[in-house]
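Visitor: no sequence on this one, just coordinates:
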């Protein structure tokens, strides 16, 4: 899911070039498309990767992720405060933190991306 249509076009082309046939791509906001696809088609995933804007994940998106129950969630964040808020929500919903890695994607600036792996508690 991506709000930029050109990024979806690129994703489809990358999937084609790499022989990936079991992926679907949707244009739209995750907090709108994910709940709609889950309710309408009972879509599930083993792994969900989210890379929200600075405001973090919308609560509707987080609710849907929890309902889908993926084994793992990879959360890429550019804002540690919203990351902490969303991780708290997911931890209270049966997930645990496994790994955290800071990534300096923007050298010579104060911005750092944080990549977090969380998994469903068994």
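Guide: All right, it came through fine. Note that the structure is a prediction, hence the values are computed from the model and not measured. Residues are numbered from 1 along each chain as shown.
Visitor: quick check: mean pLDDT of the helix or strand where residue 6 lies?
Guide: Per DSSP states H and E: residue 6 is located in helix 5-17. The pLDDT scores in helix 5-17 average 97.
Visitor: repeat that for stretch 59-67.
Guide: 95.
Visitor: mind checking how far the most centrally placed residue in the chain is from residue 5?
Guide: With distances taken as CA atoms, centre = their mean, residue 50 lies nearest the centre of the chain, 1.3 Å away. Distance, residue 50 to residue 5, by CB to CB, to the nearest Å: 19 Å. Yep, even glycine has a C-beta here, placed from its N, CA and C like the rest.
Visitor: same for the helix or strand of the chain at the bottom of the mean pLDDT ranking, what does it pack against?
Guide: In the chain, no helix or strand scores lower on mean pLDDT, DSSP states H and E than helix 30-41, which sits at a mean of 91. Judged by 3 or more CB pairs under 8 Å, 6 or more residues apart in numbering; DSSP states H and E, helix 30-41 is in contact with helix 59-68.
Visitor: for the helix it packs on, buried residues please.
Guide: Applying a neighbour-count criterion of 16 or more other CB atoms under 10 Å, one finds 61-66, 68 buried in helix 59-68.
Visitor: make TSV from those and add distance to residue 19 to it.
Guide: Listed next are those as TSV, based on distance: CB to CB, whole Å:
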residue	distance to residue 19
61	30
62	33
63	34
64	29
65	28
66	32
68	26
